[in-house]
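In: Curious how this folds, go ahead:
(2 chains)
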Amino acid sequence: MRAFLLRRLLQNAILLLFISVIVYGILYLVPGGPFDQLNFGATSATAAAAQVKRLNELLGLDRPLYERYWNWLTKALVGDWGMSWTVAFGQPVGRLIQSRLGNTLLLMGLSAVFSLAIALPIGIISAVRPYSIWDYLITAFSFFGLSMPTFWFGVMMLIIFSVVLGWLPAGGAITPGKADLVDRIRHLIMPVAVLSLVQVAGQSRFIRSSMLEVLKQDYIRTARAKGVPWARVVMTHGLRNAILPVITLLGLEVPQLFGGAIITETIFTWPGMGRLFFEGISKNDWPLVQAITMVSAFLVVGGNLLADLAYAVVDPRIRYE
Amino acid sequence: MIASAIPAPAIPAPAPPAFDDDVLATEEVSQWRLVWRRFRRHRLGLLGITVIGLIALACILAPWIAPYTFDKPDTSKIMATPSASHWLGTDELGRDVLTRLLYAGRISLLVSLVATLLSIVIGVLVGSIAAYFGGVLDTLLMRFTDMMLSLPSLPLLLIFSKTLRDFGPLRRALGDNTSVVIIITVLTIFGWMNVARLVYGSVLSLKAREFTEASRALGASSFRIIFTHLVPNSAAPIIVAMTLGIGSRIIAEASLSFLGLGIVPPNPSWGSMLSGVQAYMFRNPWLAFYPGLTILIVVLAINFAGDALRDALDPRLKH
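Out: A predicted model of the protein is given here:
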């Protein structure tokens, strides 16, 4: 177990290093630089060029790439992610992310919980009564979910519940001056619903096939033969085994959740890390973009590791060497 | 030739058959006819390919059948609601929405089709080479594949799209088509891994089979074995992955374009028609409705067709 953990941590460290090199490389290697398009209101091209040169020197962008990367890496390892360029000029990137991380984790966590709470029962119903009317309805629903462009679903919800009906707030996380629990929940409903939809569709299909597989096993027949009621066979003998692969699935879904968070937060102007990332991309704020990519990579890698460990805890048959 | 030189031994007359063979003989059916027969049974799958076919045809014929030009603004008819002259209304510049949907379909379908085909080429190469040669090559290629699979792909897609777009020489070389080329490139870079894994698994099991052994014994080169035996025998999962891949790439392209980092004017795509639509949704919600509905219908149709195709190509995959 310990050897396994050490090996995984080492692999993850290499993966994170790889991601940081790729992202740093693509952000800074593309010729022209982030200031290429600015002209600083300068009247002549040479004046603008001089300004760009001065800015590049100021930010250290005139140094060779490997030197800059090394500088960035050694600072990042001790928690200094640099200063934001454009989104919040001069503010430490770390603090910016810190102020937004909680909101994003809240959104992602609630969506994971909600989607599973919906996907579990409908996946089980589908598996217990395969090819029934319920199974077909649930299958049709999951096809819709998988074919739905998330951002469009979000925009449609916004138009219906906010613009036309006026039931829910159009964006943000709180109403200023009225930030009680009800208000928070009202702001959460649409973003969580949008982020959950695609997850529910995939998860319910997955749970269905996992459950179908388990219900074919000998121990299910044995339990039935011993006279255990069908409902109990499904809910205890069946579910406990069928749910194991779901843990891995949840771990693997972190990248999808974060990608969904970028889109959802942008539509509902949710003050989270995803929207911060999108602002950073739009405004060429490379230190911010680099840092958020690394944080999301941490979430992805951590999610996978946690899923593997959780699997070993709930399934005694799994032994990591 | 040798056989003909030797006098044929006397063959004993065959015993009369116990029953007439012809009664049991059936018409010989080709593989693809069988697949089509199984496919036909899926009514939703049939509906799916019909819908995709009609929409694709309409988009291809757009320059001839579209009622208006897609890029000419008409300031007298800004954001008109659906009417007899503009079936789906007009957008914020007074352009006919139906016309733009047809032209946008050309870009969206082209991008997803080309990106899928390129992903499949790369995936097949990586997967089959890793599985066939094994050893260090296998470890290197498949570890790299796993690594790519575990990346947070949307942030990286956005970073690549943005930086490539700001790259001056590329824009000068490609002109108006820059965004199309960029989005195909980034969707390919982050889209080949699933096919590589599929092909890897399939080739790994096929290469242990007798026909591989036989062709190696006959002196076939590795290249020949891989591309005439192993890859064609893995066609079923590849075709299914390709069908479903087109659907997911239509959504990916639309998401990027919606965020303003995919297809940019003058080319419209289904996603880019929705970019910035939040500014207009109060005045004309229909503007946001039709492009998204088109994406939903097309992707749904593709997924139905893909599902039917999976059952038809390999009934064993059914669950």
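
In: what's downstream of the one helix or strand B:Val240 maps to, the next helix or strand?
Out: Assessed by DSSP states H and E, B:Val240 sits inside helix B:235-258. Per DSSP H and E, helix B:235-258 leads on to helix B:286-313 as the next helix or strand towards the C-terminus.

In: Now do the same for the closest residue to chain B within the stretch 101-250 of chain A: helix, strand or coil?
Out: At 3.2 Å from chain B, A:Trp152 is the closest residue in the stretch 101-250 of chain A, using C-beta to the nearest C-beta. For every residue, glycine as well, the C-beta is placed using N, CA and C. Here A:Trp152 is recorded as helix under DSSP: H, G, I helix; E, B strand; the rest coil.

In: quick one, phi/psi of A:Met83?
Out: phi -100, psi 150 (degrees, to the nearest 10).

In: pLDDT value on residue 134, please?
Out: Chain wasn't specified; assuming chain A. Here the pLDDT value assigned to A:Trp134 is 89.

In: switch to chain B, that's the one I care about
Out: Per-residue confidence (pLDDT) for B:Gly134: 86.

In: same question, B:Gly53
Out: 92.

In: again with the one 10 residues further on
Out: You'll see B:Pro63 listed with a pLDDT of 82.

In: name the element it belongs to?
Out: Assigned by DSSP H and E, B:Pro63 falls in helix B:62-65.

In: which other residues reach that helix?
Out: Residues outside helix B:62-65 that contact it (C-beta atoms under 8 Å, 6 or more residues apart in numbering or on different chains): B:58, B:70, B:99, B:102-103, B:105-106.

In: need the contact list for B:Ser255.
Out: A:149-151, A:263, B:154, B:262, B:271 are the contacts of B:Ser255 under C-beta under 8 Å, 6+ apart.

In: What residues sit buried inside the helix or strand encompassing A:Asn71?
Out: Counting by DSSP H and E, the element that carries A:Asn71 is helix A:65-77. For helix A:65-77, the neighbour count (16 or more other C-beta atoms under 10 Å in any protein chain shown) marks A:68-69, A:72, A:76 as buried.

In: Return the residues of the stretch 1-150 of chain B in contact with chain A.
Out: Neighbours of chain A within the stretch 1-150 of chain B, by C-beta under 8 Å from any C-beta of the partner chain: B:147, B:150.

In: does B:Phe160 count as helix, strand or coil?
Out: Strictly by three-state DSSP, B:Phe160 counts as helix.

In: wait, what's in contact with it?
Out: B:Phe160 makes contacts with A:26, B:182, B:185-186, B:189, as judged by C-beta under 8 Å, 6+ apart.

In: The same query, at a cut-off of 7 Å, please.
Out: By C-beta atoms under 7 Å, 6 or more residues apart in numbering or on different chains, B:Phe160 lies in contact with A:26, B:186, B:189.

In: helices and strands around the helix or strand where B:Val121 lies, which ones?
Out: Using DSSP H and E, B:Val121 sits within helix B:97-133. In terms of contacts (3 or more C-beta pairs under 7 Å, 6 or more residues apart in numbering or on different chains; DSSP states H and E), helix B:97-133 is packed against helix B:43-60, helix B:62-65, helix B:135-149, helix B:178-189, helix B:193-206, helix B:235-258, helix B:286-313.

In: related to what we said a few turns ago, need the contacts of B:Ser255 in JSON lines with distance to B:Ile250 and neighbour count, can you?
Out: Conversion of the contacts of B:Ser255 to JSON lines gives the following (distance: C-beta to C-beta, whole Å; neighbours: other C-beta atoms under 10 Å in any protein chain shown):
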{"residue": "A:Pro149", "distance to B:Ile250": "8", "neighbour count": "27"}
{"residue": "A:Thr150", "distance to B:Ile250": "13", "neighbour count": "21"}
{"residue": "A:Phe151", "distance to B:Ile250": "13", "neighbour count": "27"}
{"residue": "A:Ile263", "distance to B:Ile250": "15", "neighbour count": "24"}
{"residue": "B:Leu154", "distance to B:Ile250": "16", "neighbour count": "24"}
{"residue": "B:Gly262", "distance to B:Ile250": "11", "neighbour count": "29"}
{"residue": "B:Gly271", "distance to B:Ile250": "9", "neighbour count": "31"}
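
In: mean pLDDT lowest for which of the helices and strands packed on helix B:97-133?
Out: Minimum mean pLDDT among those: helix B:62-65, a mean of 80.

In: gap between it and the chain center?
Out: Centroid displacement of helix B:62-65 relative to its chain, using C-alpha atoms, centre = their mean, to the nearest Å, is 24 Å.

In: A:Pro287 touches A:Ala88, doesn't it?
Out: No. At 10.9 Å, A:Pro287 does not count as touching A:Ala88 under the criterion of C-beta atoms under 7 Å.

In: So between those two, which is more surrounded?
Out: Remark: of A:Pro287 and A:Ala88, A:Pro287 carries more neighbours, 23 against 18, as counted by other C-beta atoms under 10 Å in any protein chain shown.

In: where does the stretch 151-300 of chain B come near chain A, residue by residue?
Out: The stretch 151-300 of chain B has residues B:151-155, B:158-160, B:162-163, B:166-168, B:247, B:251, B:254-255, B:258-259, B:274, B:277-278, B:281-282, B:285, B:288, B:292, B:295-296, B:299-300 near chain A, with proximity defined as C-beta under 7 Å from any C-beta of the partner chain.

In: Sort out which of those are buried, if you could.
Out: Counted by 16+ other C-beta under 10 Å, these give B:151-155, B:158-160, B:162-163, B:166-167, B:247, B:251, B:254-255, B:258-259, B:274, B:277-278, B:281, B:285, B:288, B:292, B:295-296, B:299-300 as buried.

In: which one of the contacts of B:Phe160 sits closest to B:Leu137?
Out: Closest approach between the contacts of B:Phe160 and B:Leu137, by C-beta to C-beta: B:Ile189, at 20.8 Å.

In: Next, the angle from the stretch of helix or strand A:Glu213 belongs to to helix B:235-258.
Out: Assigned by DSSP H and E, A:Glu213 belongs to helix A:181-215. Helix A:181-215 runs at 170 degrees relative to helix B:235-258, counting by axes from the mean of the first three to the mean of the last three C-alpha atoms, to 10 degrees.

In: so can I have CSV of the contacts of B:Ser255 showing distance to A:Val314?
Out: Conversion of the contacts of B:Ser255 to CSV gives the following (distance: C-beta to C-beta, whole Å):
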residue, distance to A:Val314
A:Pro149, 35
A:Thr150, 31
A:Phe151, 35
A:Ile263, 32
B:Leu154, 30
B:Gly262, 41
B:Gly271, 41
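
In: Max pairwise distance over the residues you listed: which two?
Out: A:Thr150 and B:Gly262 (14.6 Å).

In: just to revisit the earlier point, dump the contacts of helix B:62-65 to JSON lines, plus neighbour count.
Out: Below are the contacts of helix B:62-65 laid out as JSON lines (neighbours: other C-beta atoms under 10 Å in any protein chain shown):
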{"residue": "B:Ala58", "neighbour count": "16"}
{"residue": "B:Phe70", "neighbour count": "20"}
{"residue": "B:Thr99", "neighbour count": "23"}
{"residue": "B:Leu102", "neighbour count": "23"}
{"residue": "B:Tyr103", "neighbour count": "21"}
{"residue": "B:Gly105", "neighbour count": "24"}
{"residue": "B:Arg106", "neighbour count": "20"}
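
In: any idea which of those is least confident?
Out: Confidence-wise, B:Phe70 trails the rest of the contacts of helix B:62-65, at 71.

In: Specify the local secondary structure of that residue.
Out: With three-state DSSP as the basis, B:Phe70 sits in coil.

In: ok, now which ones touch the most centrally placed residue in chain A?
Out: Geometric centre of chain A, nearest residue: A:Phe258, 1.7 Å, by C-alpha atoms, centre = their mean. Neighbouring residues of A:Phe258 by C-beta under 7 Å, 6+ apart: A:108, A:274, A:296, A:299, B:152.
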